[in-house]
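**Q** Turn this into a structure:
(one chain, ligands or ions: 1)
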Amino acid sequence: MVAQRRVDPVHLQVESRRGRSRPAALPHWVRRAWGTCWAAGPRDLLATLVPQFVTAVVLAALLPLVRTLLHVLTTETADGERLARAAVPLLLLALVGLAVGMAGAVQGQRQKVLGEVVQRHVWSRFLDVSARVDLAHYDSPEFFERLERVRLHAMTRPLAVVQGLVSVAGGAVGLVAVVVAVWAVAPVALVLLAPVPVLLLIARRGGRQEFEFAVRHAPALRLRSYLQSTLTDRGTASEVRSYGLQSHLRGRWDATSDEWIGAVREHSRRRTRTILAGELVTALVAVGLLVAVVAALDTGRLTFSQAGAVGVAVPLLAARSRQFVRGVGAVLESGLFLDDLDEFHSTPVEPDAHDAPAVGPLEVLRARDVSFRFSSGARALRGIDLDLRAGEVVALVGENGSGKSTLAKVLAGLHRPTGGLLTWNGLDVAELPAAAVRRRVAVMFQDFAHWQLSAVDNIAFGDVDRAYGRGGPPDVEDAAREAGAWEFLRGLPAGLDTPLSAERPGGTELSGGQWQRVALARALYRGGDLLILDEPSAALDARAEAELFATVRAATRGRAVLLITHRLANVRDVDRIHVLRDGLVDDVGTHEELLRRGGHYAALYELQARAFRSGRAPVADDAGPRTDAPGTKGWWR
Ligand SMILES: Nc1ncnc2c1ncn2[C@@H]1O[C@H](COP(=O)(O)OP(=O)(O)OP(=O)(O)O)[C@@H](O)[C@H]1O
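**A** The predicted structure follows:
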């Protein structure tokens, strides 16, 4: 089950305040950023840093060269000799400029590649978790908040981590090199380093502000992107037009956008204040230094060439210390997001299905007093007793919301019961890896996936190991034939290789009933010992429905089948029918037994049967009529 602890956003904000965002913890964060980049691509990281070191070392040579040049230019020499004496320092200065320019260009390109490599690394960690956490997490809004935040930042943060790390490394090496050079020619200029600790504090504050802003506004951003998708997705396109929702949804999108932009403005004002405070401190120190230099020149304590060197040192030191501080800011800020990713990554995941030990072929699946609650606390099932043996067909019927699909998911090993006992051949399912049970179960969901991939993929996804594990095209024909999908799939423009989506080039869209047969083919392709069919014929015409149940009967040989349907005519000859009501099993028996008892099932059945007999729509509030059932023509007269 999902931990009920509420982790977001308060938890993260508290953590970020209390946590390791102190400047004293800088080595921790730099190691953290380094570790991420190193794990993603050590060669790319080194290739990105080398030009930074080259730049730093070359820049260190700048000050003595400038001083030498100024000395040559201000010293009395014979005519024509000055140019000859200045030639070497001039040439070296030109080479310094060239080396710095080239290193910058190479580093820019390398950094782009490293950014991509780190992004892939971060995404692979993110996807490892998102695809393998317990299904119950997907019922938790807290999980979605974090998922969305991490997803958004997994896109942008890797580049910031790289830039931050490169700036810290380049800034630090550059600072050391420039400090050594300045120390040799004009130690007074080192006073420019005085504001660095203050700037680090400001950078820390900026990083925290960014993180807290992202945490606080993740829900608004999610809503905005959802509203965007309602106006751009194919799934909602028909309803948007049919109900004329364009202006209304646009209005809501505008309102959330305005709210978001207002928040960004406010945030940006706060950030600007912080940044300006840093710039002011640096500028004051630089001006103070220049005034002191001019005064020292005036009183003869500094020579002209020394003063010139200080003039060059000031922007150099300022640039390097700004680069270092910015890098620290980026590392601190991204570090909080990397921690967020780490915490997401520590969500328990299910072991890979391949690693799960196999359980034996199903003899009997038994539920005793099974109950289930969603992570929201809503209880969907209570005291369920049910037996399902190999070779049997058991049906679940009941009104909407009575718990049929939830029970099917519990029996399929997708939801863990929150109470009672579920056993597979006598083994407690709670003690078995979920994947071990699922490997033996094929489910056709009520809201099955419409994979926007080829028809082959749509069927082969029932068992990818079998389909793609032995080379050659997947052998999906038998399953497609069994499900009654072969004829229409074969006639598609590119046959089974046609993408099943009008959004894909060369793709096509299927009808609701055709999709249902493809989903059935997928379940049949999987094989397995337990076949669960949740409303498998809801979109089928009468002939297709009859064919489907002939298929299901054939598929039962040796297998257990759990069938969920509202069409009670389809369950007359199953082995047992469980009638669900408000999450409880209200009654169990064969069709005849249940009719004889005259309970809820008999009432539902009579309601449907009467409609067929009289040609009139039933008026009760349950067991709604099926417009595609035989004899329903007169219902709506
Ligand atoms: N993710 C969820 N979180 C909280 N409650 C849920 C969730 N999914 C379903 N429910 C609730 O659980 C109950 C059972 O739902 P379930 O889908 O199992 O019913 P059903 O019998 O299959 O309905 P139908 O015939 O309409 O398909 C319903 O009250 C539903 O609102």
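
**Q** which residues touch E606?
**A** With contact taken as CB atoms under 8 Å, 6 or more residues apart in numbering, E606 is in contact with no other residue. For the C-beta atoms, the positions are set from N, CA and C on the backbone; glycine is no exception.

**Q** right, is the helix or strand it falls within up against the ligand?
**A** Assessed by DSSP states H and E, E606 sits inside helix 600-614. No: applying CB under 6 Å from any ligand atom, one finds helix 600-614 out of contact with the ligand, separated by at least 12.2 Å.

**Q** What is the distance between that helix and the centre of its chain?
**A** Going by CA atoms, centre = their mean, to the nearest Å, the spacing between the C-alpha centre of helix 600-614 and its chain's C-alpha centre is 47 Å.

**Q** Flag every buried residue along that helix.
**A** Along helix 600-614, the positions that meet the burial threshold by neighbour count (16 or more other CB atoms under 10 Å) are 600-602, 604-608, 611-612.

**Q** could you dump those residues to TSV with pLDDT?
**A** Written out in TSV, the entries for the buried residues of helix 600-614 read as follows (pLDDT from 0 to 100):
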residue	pLDDT
H600	89
Y601	90
A602	91
L604	88
Y605	88
E606	87
L607	86
Q608	83
A611	72
F612	70
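
**Q** any idea which helix or strand comes after the helix or strand E116 falls within?
**A** E116 is part of helix 81-130, with elements assigned from DSSP H and E. Sequence-wise, the next helix or strand beyond helix 81-130 is helix 141-185, with elements assigned using DSSP H and E.

**Q** what packs against that following helix?
**A** Contact analysis of helix 141-185 by 3 or more CB pairs under 8 Å, 6 or more residues apart in numbering; DSSP states H and E lists helix 26-40, helix 42-60, helix 62-74, helix 81-130, helix 196-230, helix 304-345 as its packing neighbours.

**Q** Deepest in the core, which of those helices is it.
**A** For the helices and strands packed on helix 141-185, the stretch with the most neighbours on average is helix 304-345, a mean of 22; neighbours defined as mean count of other CB atoms under 10 Å.

**Q** Centre of the chain to that one, how far?
**A** Centroid separation between helix 304-345 and its chain, computed with CA atoms, centre = their mean, is 31 Å.

**Q** relative to helix 141-185, how tilted is that helix?
**A** 160 degrees (axes from the mean of the first three to the mean of the last three CA atoms, to 10 degrees).

**Q** list the buried ones in whichever helix or strand comes after helix 304-345?
**A** Downstream of helix 304-345, the first helix or strand assigned by DSSP H and E is strand 364-373. The neighbour-count check on strand 364-373 (16+ other CB under 10 Å) flags 365-367, 370-373 as buried.

**Q** Can I get strand 364-373 as CSV, trimmed to CA atoms?
**A** Below are the C-alpha coordinates for strand 364-373, written out as CSV (Å, rounded to 0.1, in the frame of the first residue of the first chain):
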residue,chain,number,x,y,z
VAL,A,364,-7.6,-22.4,-7.4
LEU,A,365,-7.7,-18.7,-6.6
ARG,A,366,-9.5,-18.1,-3.3
ALA,A,367,-10.6,-14.9,-1.6
ARG,A,368,-11.7,-15.0,2.0
ASP,A,369,-13.2,-12.0,3.7
VAL,A,370,-11.2,-9.8,1.3
SER,A,371,-11.6,-6.0,1.6
PHE,A,372,-10.0,-3.1,-0.2
ARG,A,373,-9.6,0.6,0.4
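
**Q** Is there proximity between that strand and the ligand?
**A** No: shown here: strand 364-373 not in contact with the ligand (CB under 6 Å from any ligand atom), separated by at least 8.7 Å.

**Q** likewise stretch 564-572?
**A** No: for stretch 564-572, no contact with the ligand is found by CB under 6 Å from any ligand atom; the gap never falls below 6.6 Å.

**Q** which parts of that stretch are buried?
**A** Residues 564-571 are the ones in stretch 564-572 that count as buried (16+ other CB under 10 Å).

**Q** tell me the two of these that are most distant?
**A** Checked with CB to CB, those reach their widest spread between I564 and A569, with 14.6 Å between them.

**Q** Listing request: residues of the stretch 451-600 of the chain with sub-threshold pLDDT.
**A** Of all residues in the stretch 451-600 of the chain, those with pLDDT under 70 make up the ranges 555-556.

**Q** For it, which segments are assigned as strands?
**A** Listed in chain order, the strands found in the stretch 451-600 of the chain under DSSP state E, counting those that start in this stretch are 530-534, 560-564, 576-581, 584-589.

**Q** can these go into CSV with extra columns for distance to R67?
**A** Rendered in CSV, the data for these read as follows (distance: least, CB to CB, whole Å):
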stretch, distance to R67
strand 530-534, 82
strand 560-564, 87
strand 576-581, 90
strand 584-589, 91
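
**Q** Among the ones you listed, which comes closest to L192?
**A** Nearest to L192, of all the strands of the stretch 451-600 of the chain, is strand 530-534, at 71.1 Å by CB to CB.

**Q** Sheet-wise, list the partners of that closest one with their directions.
**A** strand 441-444 (parallel), strand 560-564 (parallel) (DSSP bridges).

**Q** Could you pull up the mean pLDDT of the first one?
**A** The average pLDDT within strand 441-444 is 93.

**Q** before we move on, back to that, possible to save the buried residues of helix 600-614 as JSON lines with distance to R389?
**A** Supplementary listing: those in JSON lines, determined by distance: CB to CB, whole Å:
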{"residue": "H600", "distance to R389": "25"}
{"residue": "Y601", "distance to R389": "22"}
{"residue": "A602", "distance to R389": "26"}
{"residue": "L604", "distance to R389": "26"}
{"residue": "Y605", "distance to R389": "25"}
{"residue": "E606", "distance to R389": "30"}
{"residue": "L607", "distance to R389": "31"}
{"residue": "Q608", "distance to R389": "28"}
{"residue": "A611", "distance to R389": "34"}
{"residue": "F612", "distance to R389": "32"}
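
**Q** For the closest residue to A40 other than its chain neighbours, give its distance to the ligand.
**A** If the residues on either side of it in the chain are set aside, A40 comes closest to H121, at 3.5 Å by CB to CB, 6 or more residues apart in numbering. When CB to the nearest ligand atom, to the nearest Å is the yardstick, H121 and the ligand sit 33 Å from each other.

**Q** Could you number the chain from 835 rather than 1 from now on?
**A** Sure, I'll start numbering at 835, so the last one becomes H955.

**Q** contacting residues for H955?
**A** Neighbouring residues of H955 by CB under 8 Å, 6+ apart: 870, 873-875, 992.

**Q** Next to the ligand in this structure, residues from the chain, please.
**A** Within the chain, the residues that sit near the ligand (CB under 6 Å from any ligand atom) are 973, 1208, 1210, 1212, 1214, 1232, 1234-1240, 1280.

**Q** Pipe those into CSV and attach secondary structure per row.
**A** Formatted as CSV, the entries for those read as follows, by DSSP: H, G, I helix; E, B strand; the rest coil:
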residue, secondary structure
D973, helix
F1208, coil
S1210, coil
A1212, coil
A1214, strand
G1232, strand
N1234, coil
G1235, coil
S1236, coil
G1237, coil
K1238, helix
S1239, helix
T1240, helix
Q1280, coil
